[in-house]
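A.B. asks: 3D model of this:
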Amino acid sequence: MNKEKMEKMQTFQETSNSKGITLVALVITIIIIIILAVVAISFAFGDNGLIKRAEDAGDYYANDTAYTEGSITNVESYINDILEGTGGNSGGGSTTEDGVPIPAGFYYVGGTKEEGVVISDNPADENKGTSHSVAENELEGNQFVWIPVEDDSLFERYDNYSEGELFEGIVDMCSEPYAGGYTNEEKEFNEMKASVLANNGFYVGRYEAGTTNPNRNEESGTEDKVLIQQGQYVYNYAGWNDSETNAMNGETGGAVELAKNFDTANGYKSVKSTLIYGVQWDAIMNFIDPKYATENCDASSFVVNSSGKGWYEQSSPTLTGSNGNYAVKNIYDLGGNVFEWTMEAIEIEDYTSRVYRGRWLQPFGFEVSSFFSLLLSL
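C.D. replies: Now for the predicted structure:
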C-alpha cells in the first residue's frame, strides 16, 4: 500500500469515527430531550402540576374573595339591622316580614302587618300560612300575632265595649300599673311600655292559654303546661294568683306567674313573656278597629259586640281556635263570653280585683282564662 492510499484510509477512518460520535451524541441528546419533555409535561399537567396548582390558586382566590365580600355584606347587614332597630335582640337578627320583626328563635308562619303577622316557635311551621285549615291540621308550635303600635299617642287605655254597650267612665275606675301591687309591678309596666314603643308593637298569643288536660275544675292548680296552640282545652279555673281572694299584691300561683314563666319554660331568649296588660288589650282593639280609640265604632264592629264568635261553655269547654269564623286579624278566642285576666286593677267601693277583659265586671271568678303577650327584648 502506497503512501497516498494510507493517507486516504486514515482520513476515511477519522471521518467515520467523527460521524459515529456525532450520531451517538445526537441520539443521546434526543433521549435527554424526550426525558425532559416527559418531566416537563408531568410537572405542568400532572395531578399536582403547575396547571393544577394555578387552577387551585385561582379557585382559592375566588373563594376567598367571595367569602370576604360575603363577610363584609353580613357585617353591613347586621349593622344596618341594629341601626334600624331590627337587629340583635331587639328584633331577632336581620329577619323581618312586611316590616314586622321576627324574634330570634321564632319563624314566620304567614300574614301581613295589616291582617296580622303570625309567628311560631317551631321551625316546622315556617311559611305554612294562616288559614284555619292549616292552623287546625298542620301547625305544631306556640303561635303569636304581631300587634302594631306605630302611633305612640294611641297606646293608652280606653273605655271599651261589651255586648254592644260602651262602658263610659270605667277606665277612670281602673289603674295600671296598680299602686298597691307587688314589688316590681311598676318597673315591669315601664319595661313593657318601653319595649312596645321602641319596637312599634308587641306579640300576643294567637289563642288564649290552653292545655292538653280536659279535666280542669275548681281544684285545678297551675301545674298543667301552657300551650298557645289551636285545639287545646282552655286553661280555665285559674285565678290571677294563688289567693282565693285574688289578692291585689300577689304574683304567684296564678295567671300572672304562668305568663311570666312562659318564656323560660319554652327556652325563649329574644323575648319576654307577660300576662296581657289592659293597655295592650286596647291596642289589639285599636288594631281590629281604629275607631275604637275614638269610642265611635259602628254597631256591627267586632269590638262592639262579638257575641256568637267564641262562646265557651264551662261544663264542656270549646277547644281554642275552634272555629275559623271566630278569628279576627288572625287572632282567635277574643270574642263571645271569654273572660281574660289582665294586669289592670279596679276598685269600686268595696269591690277590688284585677280586671278581666272580653266582658266587663262579670262575676266569673276562677273560671277566667288569659292571653299572654311577648315583648321584644330591648
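
A.B. asks: Give me the residues contacting stretch 303-310.
C.D. replies: Stretch 303-310 is contacted from outside by 160-161, 163-164, 166, 285, 288-289, 292, 297-299, 302, 318, 323, 325-326, 328, 332-338, using CB atoms under 8 Å, 6 or more residues apart in numbering. (C-beta placed from N, C-alpha, C; glycine too.)

A.B. asks: Now with 6 Å, please.
C.D. replies: Identification of contacts with stretch 303-310 by CB atoms under 6 Å, 6 or more residues apart in numbering yields 161, 163-164, 285, 288-289, 292, 297, 326, 333, 335-336, 338.

A.B. asks: same question, stretch 287-297
C.D. replies: Applying CB under 6 Å, 6+ apart, the set of residues contacting stretch 287-297 from outside is 147, 154, 285, 286, 301, 302, 303, 304, 328, 329.

A.B. asks: thinking again about what came up before, in ChimeraX, how would I select just the buried ones from the contacts of stretch 303-310?
C.D. replies: Selection of the buried residues among these in ChimeraX, burial being defined by 16 or more other CB atoms under 10 Å:
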select :161,285,288,289,292,297,326,333,335,336,338
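
A.B. asks: Please list the members of the contacts of stretch 303-310 that lie in strands.
C.D. replies: residue 161 (DSSP state E).

A.B. asks: so can I have a markdown table of the contacts of stretch 303-310 showing pLDDT and distance to residue 268?
C.D. replies: Listed next are the contacts of stretch 303-310 as a markdown table, based on pLDDT from 0 to 100; distance: CB to CB, whole Å:
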| residue | pLDDT | distance to residue 268 |
| --- | --- | --- |
| 161 | 84 | 33 |
| 163 | 75 | 36 |
| 164 | 82 | 38 |
| 285 | 94 | 26 |
| 288 | 96 | 26 |
| 289 | 96 | 30 |
| 292 | 94 | 30 |
| 297 | 93 | 35 |
| 326 | 87 | 27 |
| 333 | 89 | 21 |
| 335 | 80 | 28 |
| 336 | 68 | 30 |
| 338 | 65 | 25 |
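
A.B. asks: still on that earlier bit, pull out the buried residues from the contacts of stretch 287-297.
C.D. replies: Listed as buried from those are 147, 285, 286, 301, 302, 303, 304, 328, 329; burial here means 16+ other CB under 10 Å.

A.B. asks: nearest to residue 350, of those residues?
C.D. replies: Using CB to CB, residue 285 is the member of those that lies nearest residue 350, at 29.3 Å.

A.B. asks: In contact with the closest one, which residues are there?
C.D. replies: Applying CB under 6 Å, 6+ apart, we find residue 285 in contact with 292, 303.

A.B. asks: run the last query once more with 8 Å
C.D. replies: Residue 285 neighbours (CB under 8 Å, 6+ apart): 158, 160, 292, 303.
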